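A.B. asks: Next comes the sequence, and after it the predicted model I'd like to discuss.
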Amino acid sequence: MNTATKEINSSLLSTQNKNTDIKGKLIVGVTQLAVFTIIAVLFIILGIIVYEGREKFSWEFISSFPTNGMTEGGIFPALIGTFILVIVMSIAAVPFGTITAIYLTEYASESSKFAAAVRFSVRTLAVVPSIIFGLFGLGFFIQFIGAGFDTAFNGGQLRWGQPNILWASLTMSLLTLPVIIVSVEEALKTIPRELREASLALGATKWQTIKNVVLPGSISGIMTGTILAVSRGAGEVAPILFTGAAYYLASLPGSLSDQFMNLGYHIYIMATQSSDVEKTMPIQFATTLVLLILTLSLNLVAVVIRSRIRRKAK
């Protein structure tokens, strides 16, 4: 009787183990399939962009101005405008986002209602449609701040109360701010509490602890937030529709109060409002390729800077 029972139990155990192995292999297979699908889709998209844009992609295309109703020529002003937009956006968003994250992590108490309100605001900003940021930039930066500045300091002469690269960059910085705040806050939280306590025990002030212990240890997280912000800001179009992007300009922006061309907006214009959409298809794909290269290049610079900072910290 005992022998039969043992054999039955052993058989059941063996069946359960086989079922578990099958389930485990099935889960691994499904996850691998999902990964391969994502990679395949990415390479298909990149392949189509490279293949369709290869004919137009050249140094002349990158370094020349659009001609013949933007159905010929290059994208130089759009490239420079996008680069300036990303740089000014980063200068505005990264320090402000980092300071906010430092306050939430290092100074605000866990029971602070103000900190809870700030975190709620950040989460809300993260899900606001990008076109709303563009409308906000138009109403607040251009019609309120810009027009008020012109009235107060320019005698009513229109300069800042119109779309320009500064207002577009500030609007874009608001769009990317939640990404930076969350990334930096998570990076600051990875620093062990014991290091802070040890620094304070040795007589350092709160700010000295943050400056000499917390920030050096979390610089990679700060750079990660910058990379994510650059990646999103370089490709967004909706926030700059009303705040600074121009259909066509015969010259480069000479100051922050000038309008600018943008690669993403340039693609949108040629795809929807060109006099001959089919004729501009190679230009659209080549412009998309340049936008991808620009974004990857800016990301690469940030990664290199982050790596060097890490090596120096060690």
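C.D. replies: Arrived safely, thanks for sending. Being a predicted model, the structure only gives us computed values, none of them experimental. Numbering: from 1, shown residues only.

A.B. asks: what's the domain layout of the protein?
C.D. replies: Taking automatic domain parsing as the domain assignment, the record places the domains of the chain at 1-53, 59-313.

A.B. asks: Let me have those domains in TSV, adding mean pLDDT and mean neighbour count as columns.
C.D. replies: Yep, even glycine has a C-beta here, placed from its N, CA and C like the rest. Shown next, in TSV, are these (pLDDT from 0 to 100; neighbours: other CB atoms under 10 Å):
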stretch	mean pLDDT	mean neighbour count
domain 1-53	77	10
domain 59-313	87	18
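
A.B. asks: quick one: the strands in the stretch 151-300 of the chain?
C.D. replies: Taking DSSP state E, counting those that start in this stretch, the stretch 151-300 of the chain contains no strands at all.

A.B. asks: Show me where it has its helices.
C.D. replies: For the stretch 151-300 of the chain, the helices defined by DSSP state H, counting those that start in this stretch occupy 165-189, 193-201, 206-209, 215-217, 219-235, 263-272, 281-313.

A.B. asks: How far does the last one sit from its chain's centre?
C.D. replies: Spelled out, it's helix 281-313. Centroid displacement of helix 281-313 relative to its chain, using CA atoms, centre = their mean, to the nearest Å, is 12 Å.

A.B. asks: just the fourth one next, same as before
C.D. replies: Taking the mean C-alpha point of helix 215-217 and that of its whole chain, the gap between them comes to 22 Å (CA atoms, centre = their mean).

A.B. asks: same check, this time on the first one
C.D. replies: A distance of 8 Å separates the centroid of the chain from that of helix 165-189, by CA atoms, centre = their mean.

A.B. asks: quick check: angle from that helix to helix 219-235?
C.D. replies: Angle, helix 165-189 to helix 219-235, by axes from the mean of the first three to the mean of the last three CA atoms, to 10 degrees: 150 degrees.

A.B. asks: Quick one: list the elements packing against helix 165-189.
C.D. replies: Helix 165-189 is packed against helix 76-102, helix 113-126, helix 130-136, helix 219-235, with contacts defined by 3 or more CB pairs under 8 Å, 6 or more residues apart in numbering; DSSP states H and E.

A.B. asks: In CSV: these, plus distance to Thr37.
C.D. replies: Formatted as CSV, these follow (distance: least, CB to CB, whole Å):
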stretch, distance to Thr37
helix 76-102, 31
helix 113-126, 27
helix 130-136, 27
helix 219-235, 22
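
A.B. asks: Pipe the helices of the stretch 151-300 of the chain into JSON lines and attach distance to Val88 per row.
C.D. replies: Shown next, in JSON lines, are the helices of the stretch 151-300 of the chain (distance: least, CB to CB, whole Å):
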{"stretch": "helix 165-189", "distance to Val88": "4"}
{"stretch": "helix 193-201", "distance to Val88": "34"}
{"stretch": "helix 206-209", "distance to Val88": "28"}
{"stretch": "helix 215-217", "distance to Val88": "24"}
{"stretch": "helix 219-235", "distance to Val88": "10"}
{"stretch": "helix 263-272", "distance to Val88": "16"}
{"stretch": "helix 281-313", "distance to Val88": "13"}
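
A.B. asks: looking at the ones you listed, which is closest to Gly47?
C.D. replies: The minimum distance between Gly47 and the helices of the stretch 151-300 of the chain falls on helix 281-313, with 11.3 Å, by CB to CB.

A.B. asks: Okay, angle between the closest one and helix 76-102 too, please.
C.D. replies: Helix 281-313 and helix 76-102 are oriented at 40 degrees to each other (the same axes, to 10 degrees).

A.B. asks: And helix 281-313, what does it pack against?
C.D. replies: Looks like helix 281-313 contacts helix 2-53, helix 59-63, helix 76-102, helix 219-235, helix 263-272 (3+ CB pairs under 8 Å, 6+ apart).

A.B. asks: closest to Tyr247 out of these?
C.D. replies: Among those, helix 263-272 sits nearest to Tyr247 (CB to CB), with 6.0 Å.

A.B. asks: Give me the angle between that closest one and helix 76-102.
C.D. replies: 130 degrees.

A.B. asks: before we move on, back to that, I'd like to know which of the helices and strands packed on helix 281-313 is closest to Arg308.
C.D. replies: Nearest to Arg308 among the helices and strands packed on helix 281-313 is helix 219-235; the distance by CB to CB comes to 10.3 Å.

A.B. asks: and that closest one, how far out from the chain's middle?
C.D. replies: Between the centre of helix 219-235 and the centre of its chain there are 5 Å (CA atoms, centre = their mean).
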